[in-house]
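1. Quick check, what structure comes out for this input:
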Amino acid sequence: MDTEHHTEKVPESEGRRRILQAACPLFVEHGYKAVSMQQIADAAHIHKATLYHHFLHKEALFTAVVQVELEQHRCELIHAIGQQTTVADRLVSVAWQFFSRSHTDFGRLMTDVRENLSDEFRQRLLKEQSFPWAQLESIFEEATRSGELPSVDRELAASMFTGLIWGQIWMRKMERTAAPLTEDLARTLVDILLAGLRTSTAAASGEMTASGSPVLADSHR
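-> Residues are numbered from 1 along each chain as shown. Model prediction:
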């Protein structure tokens with residue numbers, strides 16, 4: 001049975017915002033499966049029918065909550081990128097944003113995305129995701145122009161970077177290691193990536209020794 005809520009009528013956008021603000025902490029604290037639409041309506045101080053006017057079902061509402069969090073994460077990443085100047089410092093800043101976020105509400109929501117959303121809604125999030133790929137790829141492009149890196153495939157470099165970061169987060173979720181995700185770890189991963197990019201680029205350009213090993217003497221050319 002619906003709980004009665006005697007509230008004044010609010011604009012469509014304001015009503016939606018109120019629902020999302022009420023739903024997010026409930027999903028974070030209790031998890032997707034444990035939260036009912038009635039609980040969300042009560043927390044937002046609206047009728048359950050009003051809730052269904054904005055969102056047809058819980059999966060649609062949860063997806064909207066995650067979209068808001070993804071957009072906030074995107075803004076934080078862009079800010080982190082803009083705060084540093086060298087390619088290493090910028091990548092470390094981004095990696096640390098990922099690490100610190102993995103322990104927060106965002107990390108818990110993304111776990112529910114993987115475990116409880118249907119393929120349809122997971123694909124919708126993937127298609128509409130607001131991850132700042134262009135800004136991340138620009139780090140490698142600008143590093144090439146400034147001479148910090150030789151010419152690299154920026155899309156490949158960006159995907160390798162995110163793979164390293166997400167791999168470390170996933171290892172901890174799978175309890176393969178209990179070591180904390182630290183800024184020092186972020187810098188170690190970035191150093192390894194950049195060293196590898198410089199080495200593989202030298203090899204691809206034909207700068208090899210007689211033994212077949214890449215020339216590493218001038219890794220910052």
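2. now for the helix or strand where T162 lies, which elements pack on it?
-> Element membership for T162 (DSSP states H and E) is helix 154-173. Counting contacts by 3 or more Cβ pairs under 8 Å, 6 or more residues apart in numbering; DSSP states H and E, helix 154-173 packs against helix 87-102, helix 133-146, helix 183-204. Yep, even glycine has a C-beta here, placed from its N, CA and C like the rest.
3. Mind listing what's buried along the longest helix along the chain?
-> The longest helix of the chain (DSSP state H) is helix 58-82. By 16 or more other Cβ atoms under 10 Å, the buried positions in helix 58-82 come out as 58, 61-70, 73, 76-77, 80-81.
4. from the chain's centre, how far out does that helix sit?
-> The chain centroid and the centroid of helix 58-82 are separated by 8 Å, computed with Cα atoms, centre = their mean, to the nearest Å.
5. before we move on, what about stretch 109-124?
-> 14 Å.
6. swap in stretch 36-46?
-> Worked out by Cα atoms, centre = their mean, stretch 36-46 lies 28 Å from the chain centre.
7. Buried residues in it, which are they?
-> 40-44, 46.
8. do stretch 24-40 as well
-> Per 16+ other Cβ under 10 Å, stretch 24-40 contains these buried residues: 24, 26-28, 32, 35, 40.
9. and what of stretch 179-198?
-> 181, 185-187, 189-190, 193-194, 197-198.
10. what does stretch 128-143 give?
-> 130, 132, 135-137, 139-141, 143.
11. State the pair within those residues that is farthest apart.
-> S130 and A143 (23.8 Å; Cβ to Cβ).
12. now I46, what's its secondary structure?
-> Of the three states, I46 takes coil under DSSP: H, G, I helix; E, B strand; the rest coil.
13. From T85, how far off is it?
-> Applying Cβ to Cβ, to the nearest Å, the value for I46 to T85 is 48 Å.
14. before we move on, back to that, can you name the two of the buried residues of stretch 24-40 that sit furthest apart?
-> So, the buried residues of stretch 24-40 by Cβ to Cβ: farthest apart are V28 and I40, at 12.6 Å.
15. Where do the domain boundaries of this protein fall?
-> The chain resolves into domains spanning 10-56, 73-203 when parsed by automatic domain parsing.
16. worst average pLDDT in the ones you listed?
-> With a mean of 88, domain 73-203 has the lowest mean pLDDT of those.
17. how far does it sit from the chain's center?
-> Centroid separation for domain 73-203 versus its chain: 8 Å, with Cα atoms, centre = their mean.
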